[in-house]
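*Asks:* Give me coordinates for this.
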Amino acid sequence: MRKWAVVMTAREPGALVEANVRWHLGTGAAQVHVYLDRSDDPVAVVLAQIPGCRVTVCDAAHWQALRPRRGAPASQMRRQSLNAAHAQERCEADWLVHLDADEFLWQDSPLGAELPVVAELGAELRFAVLERSLMAGQGQAGLFDGVFRRASPGDKALDAVIYGALAPHLREGMFSHGSGKCAVPVGQGFRQMVHESYLESGGKRRRAPAWLSTTTRLLHFDGVTPLHWLLKLIRYKGQPLEVQKHILPPHRLAQIAWMVERMGSLDEALEAEAALHRLTQPQAERLRGFGLLDEGLSFDPGALPDMPDLSVAAFDRALLAQDPALWEMTGWRAA
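*Replies:* Just a heads-up that it's a prediction; the model follows:
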């Protein structure tokens with residue numbers, strides 16, 4: 001067995017970050033390295049009390065140490081990759097997995113048992129992604145309710161047949177990404193980016209070879225609640241158009257364009273989110289036919305001890321309190 005750890009850069013309500021940390025420590029991680037993107041994030045105090053969690057507040061001093069002349073990068077993805085490199089330098093495990101706070105590893109069998117074999121390959125270990133979908137017409141009692149989509153092969157012509165009018169809003173059958181994430185062996189010259197890694201040698205960089213995990217998959221909750229997903233799109237929409245086109249893939253831009261005309265009020269926005277983002281019974285039946293729906297996986301972090309309040313209501317309250325300026329941008333009134 002080899003030890004593995006997780007690194008994430010987080011800017012989410014505290015319950016989600018804490019649940020992620022406790023889930024991974026409770027399912028085999030030796031450490032979880034959390035880099036809090038907000039220097040005043042109150043969850044730092046909570047995380048510091050969890051054995052195995054190493055918390056770094058990304059304040060001016062942190063970025064001064066990492067980038068003395070330039071400080072914090074404007075790009076979130078750049079901050080993530082720099083923090084992953086920083087974590088690798090002080091990681092006490094054999095392998096390091098780079099995740100977001102809304103991503104969780106699901107082990108069909110122990111990940112640690114797979115790592116010694118994969119270590120012989122000199123490759124990153126990739127985790128195929130499953131994206132959570134809520135069913136149309138059904139309520140959401142807990143943050144992690146729902147079923148899971150599998151990624152399609154990513155052929156645009158085939159996706160147009162499978163998904164029909166929804167295809168422009170998806171990439172590889174996902175509202176977010178079908179790329180998955182990866183783990184790398186610590187101290188072996190691997191440089192982690194958001195989804196993949198590179199090998200650096202002699203000042204040159206090349207894409208690392210990859211092996212797909214046979215034990216572990218990635219569960220992605222793109223929008224932990226409907227409000228969470230809506231505010232994510234609004235945050236993207238608040239960027240200048242040229243920045244949006246630079247940082248966002250076409251399917252995410254299509255989601256924003258579709259939603260922006262249907263978000264006059266909170267009720268209208270929630271109806272539009274359900275129409276676009278939720279899975280109808282006919283859609284589910286079609287995905288079943290293509291083997292692109294996993295309904296047998298039951299994910300319940302709340303079954304582990306010491307979890308925070310994982311109710312939808314508590315999460316949405318924390319979401320609004322975390323970024324009141326973003327809420328003001330919507331012009332909505334809370335229901």
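*Asks:* tell me which residues of stretch 121-135 are tucked away?
*Replies:* Buried residues in stretch 121-135, counted by 16 or more other Cβ atoms under 10 Å: 123, 124, 125, 126, 127, 129, 130, 131, 132, 133, 134, 135. Any C-beta I mention is one placed from the backbone N, CA and C, and that applies to glycine too.
*Asks:* now stretch 261-270
*Replies:* Those would be 263, 266, 269, 270, for stretch 261-270 by 16+ other Cβ under 10 Å.
*Asks:* Equivalent analysis for stretch 254-262, please.
*Replies:* Burial within stretch 254-262, assessed by neighbour count using 16+ other Cβ under 10 Å, is assigned to 254, 255, 256, 259.
*Asks:* Dump it to PDB, keeping only the CA atoms.
*Replies:* Presented in PDB, the C-alpha positions along stretch 254-262 are these (Å, rounded to 0.1, in the frame of the first residue of the first chain):
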ATOM      1  CA  ALA A 254     -23.500  28.600 -24.300                       C
ATOM      2  CA  GLN A 255     -24.900  27.900 -20.900                       C
ATOM      3  CA  ILE A 256     -24.400  31.500 -19.900                       C
ATOM      4  CA  ALA A 257     -26.000  32.800 -23.100                       C
ATOM      5  CA  TRP A 258     -29.000  30.600 -22.700                       C
ATOM      6  CA  MET A 259     -29.500  31.500 -19.000                       C
ATOM      7  CA  VAL A 260     -28.900  35.200 -19.200                       C
ATOM      8  CA  GLU A 261     -32.300  35.800 -21.000                       C
ATOM      9  CA  ARG A 262     -34.100  33.700 -18.400                       C
END
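*Asks:* want to throw the buried residues of stretch 121-135 into a markdown table with pLDDT?
*Replies:* Converted to a markdown table, these look like this (pLDDT from 0 to 100):
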| residue | pLDDT |
| --- | --- |
| 123 | 97 |
| 124 | 97 |
| 125 | 98 |
| 126 | 98 |
| 127 | 98 |
| 129 | 98 |
| 130 | 98 |
| 131 | 98 |
| 132 | 98 |
| 133 | 97 |
| 134 | 96 |
| 135 | 95 |
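*Asks:* ranges for the helices of the protein?
*Replies:* Taking DSSP state H, the helices of the chain run over residues 14-26, 43-47, 60-66, 76-90, 111-118, 156-163, 226-237, 241-247, 250-260, 266-277, 281-289, 312-322, 324-330.
*Asks:* for these, which one sits closest to residue 8?
*Replies:* When the helices of the chain are compared by Cβ to Cβ, helix 14-26 sits nearest residue 8, at 6.9 Å.
*Asks:* Give me the distance between that closest one and the centre of its chain.
*Replies:* Computed by Cα atoms, centre = their mean, to the nearest Å, the separation of helix 14-26 from the middle of its chain amounts to 13 Å.
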